[in-house]
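A.B. asks: Sharing a model prediction with you, sequence too.
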Protein chains: 2
Amino acid sequence: MNAPAKRQPDRTRQTLLGCAFDEIYRSGFRAASLDAILESSGVTKGALYHHFGSKTALGYAVVDEVVRPWIEASWKPVLDADDCIAAAVAVCRELTRTRSAQASEYGCPFNNLINEMSSVDEGFRCRLQQILDDWHAGVIAALRHGQARGVVRTDIAAEDAAAFIIASIEGCVGLAKSKRSRAFLESGMRGLIDYIESLRRR
Amino acid sequence: MNAPAKRQPDRTRQTLLGCAFDEIYRSGFRAASLDAILESSGVTKGALYHHFGSKTALGYAVVDEVVRPWIEASWKPVLDADDCIAAAVAVCRELTRTRSAQASEYGCPFNNLINEMSSVDEGFRCRLQQILDDWHAGVIAALRHGQARGVVRTDIAAEDAAAFIIASIEGCVGLAKSKRSRAFLESGMRGLIDYIESLRRR
DNA sequence: GAAGCTACATACTGCCCGGTATGTCAGAGC
DNA sequence: GCTCTGACATACCGGGCAGTATGTAGCTTC
């Protein structure tokens, strides 16, 4: 059997990132307790400050290395699809199905961080803005691609529609937190799906 | 000239609520410092704890007496209108015009509190949910009223559309915080206005 | 006009938390 | 096998903050 190696810096770092993400997701960044992260990860304070210079640096790393890939993975299918409308609807359905329980309790990690940190810390704001910019640009490109192929109506502004779609998703998830049930989230997402389908060229 | 009265409990309480709202709006509830509220209001800690039993009680009072009326006032024109679509578009335009600068920096007080406090404190969650429920019910009623009068399409579910509209507004404001400029907010609001107008019966 | 309650004011306390100082031990490199 | 650096571990510190204990002055009531 494998004797557990005593030194595994990469693994320690990843464990820390994962536990920090969980704690930040549940409590928000400022209320996230380093002690709680240390306890859940089984790592000591010395190790944490060896890998990350400060709580803020840990937060930045969580954004760059956990939140960003997570967001990018979720809308990637839309970018890759020929029929972006069908793909977007599918993504919405999939997200609703797999994540509405957790989302209606704790919201979206990305949205939570924007709401909490953007007006308070420039480092967070820039990182989060970059993620949003990329997401926005991706949806715009998908819509324009769809317009060029005759899938998407050409009488709508792709930029406005993309901003509207992204905002709707995050808005639904955000507001659902104030409810006990997933009903509001799922209702809003049905409204979003209707809207997305209304963008299809007749 | 008026000699300033030394005892003005109502005025003191209102001052406290206003300054607490400002501080909570800018910093979030948990990061809001009582000392900062005391300094900006010129009230002492003894006075604060005379009027409010705890920081939490102060926060609840801010929700009940500042946030709730503020939200209600903003969508009231839609409820009162004969043409709810025109009224909703007008409200969106007005909000964008008057508040996008502040909103793109600090967001929406209501949305901020939901995001921060709903998963952390039941007292906040219940109060905020009630505000959202009333808002949602109001928009549903306006849409159904519009459907009955032939203003609004009857092939859409009023409940889903209402949730979607509210979520979009809060989503736009929320995401705009990660941007320096008002562009994203205004772009998303144009998308929302297009959507609302698409609900009109042809 | 004395009593008593309301509306404050001041000083202090105790906790939690981020951060640091210092120590130690494993393993790579020679 | 000795050294040196990276990868941890432990103990402690200082600040900020919510909350409290206690004091006092105005205002009403009779």
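C.D. replies: Nice, thanks for sending it over.
A.B. asks: Please count neighbours and contacts with C-alpha atoms only from this point.
C.D. replies: OK.
A.B. asks: residues making contact with the helix or strand harbouring residue A:111?
C.D. replies: If you go by DSSP states H and E, residue A:111 is part of helix A:109-117. Helix A:109-117 has contacts (Cα atoms under 8 Å, 6 or more residues apart in numbering or on different chains) with A:25, A:28-29, A:67, A:71, A:124-125, A:128, A:170, A:174, B:28, B:107, B:112, B:115-116, B:174-175, B:177-178.
A.B. asks: Helix B:109-117 and that helix, what's the angle between them?
C.D. replies: 110 degrees (axes from the mean of the first three to the mean of the last three Cα atoms, to 10 degrees).
A.B. asks: Can you name the secondary structure element that comes next after helix A:109-117?
C.D. replies: That would be, after helix A:109-117 and using DSSP H and E, helix A:122-148.
A.B. asks: which regions of chain A sit below the pLDDT cut-off?
C.D. replies: Within chain A, the ranges that satisfy pLDDT under 70 run A:1-5.
A.B. asks: How many neighbouring residues does residue A:22 have?
C.D. replies: Around residue A:22 there are 17 other residues, counting by other Cα atoms under 10 Å in any protein chain shown.
A.B. asks: Kindly apply the preceding question to residue A:53 instead.
C.D. replies: 10.
A.B. asks: part of a strand, is it?
C.D. replies: No. Going by DSSP: H, G, I helix; E, B strand; the rest coil, the assignment for residue A:53 is coil, not a strand.
A.B. asks: Just confirm yes or no for the strand or helix carrying residue A:37 near DNA strand C.
C.D. replies: Using DSSP H and E, residue A:37 sits in helix A:34-41. Yes. Judged by Cα under 7 Å from any atom of the strand, helix A:34-41 comes into contact with DNA strand C at A:34-35.
A.B. asks: List of residues touching that helix?
C.D. replies: For helix A:34-41, contacts defined as Cα under 8 Å, 6+ apart pick out A:15-16, A:19-20, A:23, A:44-45, A:48, A:55.
A.B. asks: one more time with 10 Å, if that's ok
C.D. replies: By Cα atoms under 10 Å, 6 or more residues apart in numbering or on different chains, the residues outside helix A:34-41 that reach it are A:12, A:14-24, A:33, A:42-45, A:47-48, A:55, A:58.
A.B. asks: and the residues you listed, which of them are in helices?
C.D. replies: If you go by DSSP state H, the contacts of helix A:34-41 have A:12, A:14-24, A:45, A:47-48, A:55, A:58 in helices.
A.B. asks: Would you confirm that residue A:187 contacts residue B:166?
C.D. replies: No. Counting by Cα atoms under 10 Å, residue A:187 stays clear of residue B:166, with 11.4 Å between them.
A.B. asks: tell me, what's touching those two both at once?
C.D. replies: Residues touching both residue A:187 and residue B:166 by Cα under 10 Å, 6+ apart: residue A:172.
A.B. asks: start to end distance for stretch A:137-157?
C.D. replies: 13 Å (Cα to Cα, to the nearest Å).
A.B. asks: Hmm, residue A:59 and residue A:124 touching each other?
C.D. replies: Yes. Using Cα under 10 Å, residue A:124 is in contact with residue A:59, at 8.1 Å.
A.B. asks: For the helix holding residue A:111, what is the distance to the chain centroid?
C.D. replies: 9 Å (Cα atoms, centre = their mean, to the nearest Å).
A.B. asks: Could you tell me the angle between it and helix A:122-148?
C.D. replies: 140 degrees.
A.B. asks: Report whether helix A:109-117 contacts DNA strand C.
C.D. replies: No. Contact of helix A:109-117 with DNA strand C (Cα under 7 Å from any atom of the strand) is absent, the minimum separation being 14.5 Å.
A.B. asks: Am I right that residue A:105 is in contact with residue A:177?
C.D. replies: Yes. The criterion here is Cα under 10 Å, and residue A:105 meets it with residue A:177 at 5.2 Å.
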